[in-house]
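**Q** Here is a sequence with its predicted model. Questions after.
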Amino acid sequence: MKIGLLSLALQLKMNGTFKNVNKIMDMGTKALRVNYEDLEYAFKQTNLTFEAKKFNFLKEFPKGKRRSTKLFWEQLDIKDYSCMDINNEKDSIYCDLNIPFNDKKHLLKYDLVMDFGNNEHAFNVGEAYRTMYNLCNKDGYLWIFQSVFNGNGFFQFDISFFEGMALANQMGIIHASYIVCTNDYDQFLIP
């Protein structure tokens with residue numbers, strides 16, 4: 001996760017959107033990809049607690065060992081973090097998004113299911129989004145971040161795709177924006 005998504009997560013936590021989010025599923029294994037100063041600044045902008053010691057390893061960024069975004073979510077008092085991936089790494093739940101995911105212990109269990117550049121890598125993208133939908137509980141949130149231009153997956157979608165998906169499944173949209181990347185790590189939100 002880069003600074004744009006981290007900043008948006010902090011804003012959604014601060015404004016109460018994530019008030020009832022306690023259980024997260026991340027589609028894909030994600031690492032924190034931000035420098036210490038940018039993350040510290042983002043926390044200061046929201047007046048949320050920033051435990052500096054927990055993120056000291058980011059002072060070496062982009063060098064050093066990659067760490068899971070689980071640390072970030074724990075900082076927001078979301079302790080139940082899971083991820084799924086076909087690579088079966090970093091404590092992920094094995095999942096091939098091209099085929100139906102039917103493990104009942106995970107279906108309808110998550111308050112927030114996130115796709116930050118993962119689902120467009122499945123050939124059967126419809127099944128990938130069906131899995132995401134089936135993991136989310138009735139009052140939960142789906143958070144999807146995809147490249148509109150120059151992505152590296154098999155598919156690229158614009159906002160109308162996600163609006164149509166929400167409408168077809170009787171879901172609402174609580175936030176939509178573009179994130180402009182000016183280099184590998186700098187991002188700016190455009191509502």
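**A** All right, it came through fine. Numbering: from 1, shown residues only.

**Q** From here on, just use CA atoms for contacts and neighbour counts.
**A** Fine.

**Q** Checking the residue nearest to the spatial centre of the chain next. Helix, strand or coil?
**A** Centroid-nearest residue in the chain: M114, 4.0 Å away (criterion: C-alpha atoms, centre = their mean). Under DSSP: H, G, I helix; E, B strand; the rest coil, M114 falls in the strand class.

**Q** how about it, what does it touch?
**A** In this structure, M114 makes contact with I24, M25, D26, M27, M132, L142, W143, I144, judged by C-alpha atoms under 8 Å, 6 or more residues apart in numbering.

**Q** surely the first one meets D77?
**A** No. Counting by C-alpha atoms under 8 Å, I24 stays clear of D77, with 11.5 Å between them.

**Q** which one of the two has more residues nearby?
**A** I24 (24 against 13; other C-alpha atoms under 10 Å).

**Q** follow-up on the earlier one: list the beta-bridge partners for the residue nearest to the centre of the chain.
**A** Here M114 sits in beta bridges with D26, W143, going by DSSP bridges.

**Q** so how far is I174 from it?
**A** Separation of M114 from I174 (C-alpha to C-alpha, to the nearest Å): 14 Å.

**Q** can you check M84 too?
**A** For M84, the distance to I174 - C-alpha to C-alpha - is 24 Å.

**Q** Looking at these two, which one has more neighbours?
**A** Taking neighbours as other C-alpha under 10 Å, M84 and I174 compare with M84 leading, 21 against 9.

**Q** what helix or strand is the nearest residue to G172 once chain neighbours are set aside on?
**A** Leaving aside its sequence neighbours, G172 sits nearest to A166 (C-alpha to C-alpha, 6 or more residues apart in numbering; 6.1 Å). Per DSSP states H and E, A166 falls inside helix 159-168.

**Q** low pLDDT regions in this protein?
**A** 149 (pLDDT under 70).

**Q** could you pull out the strands for it?
**A** 23-27, 80-85, 93-94, 110-116, 136-145, 178-181, 187-190 (DSSP state E).

**Q** Can you say which of these is nearest to E60?
**A** strand 187-190 (19.4 Å; C-alpha to C-alpha).

**Q** List the buried residues in the closest one.
**A** Across strand 187-190, burial judged by 16 or more other C-alpha atoms under 10 Å covers Q187.
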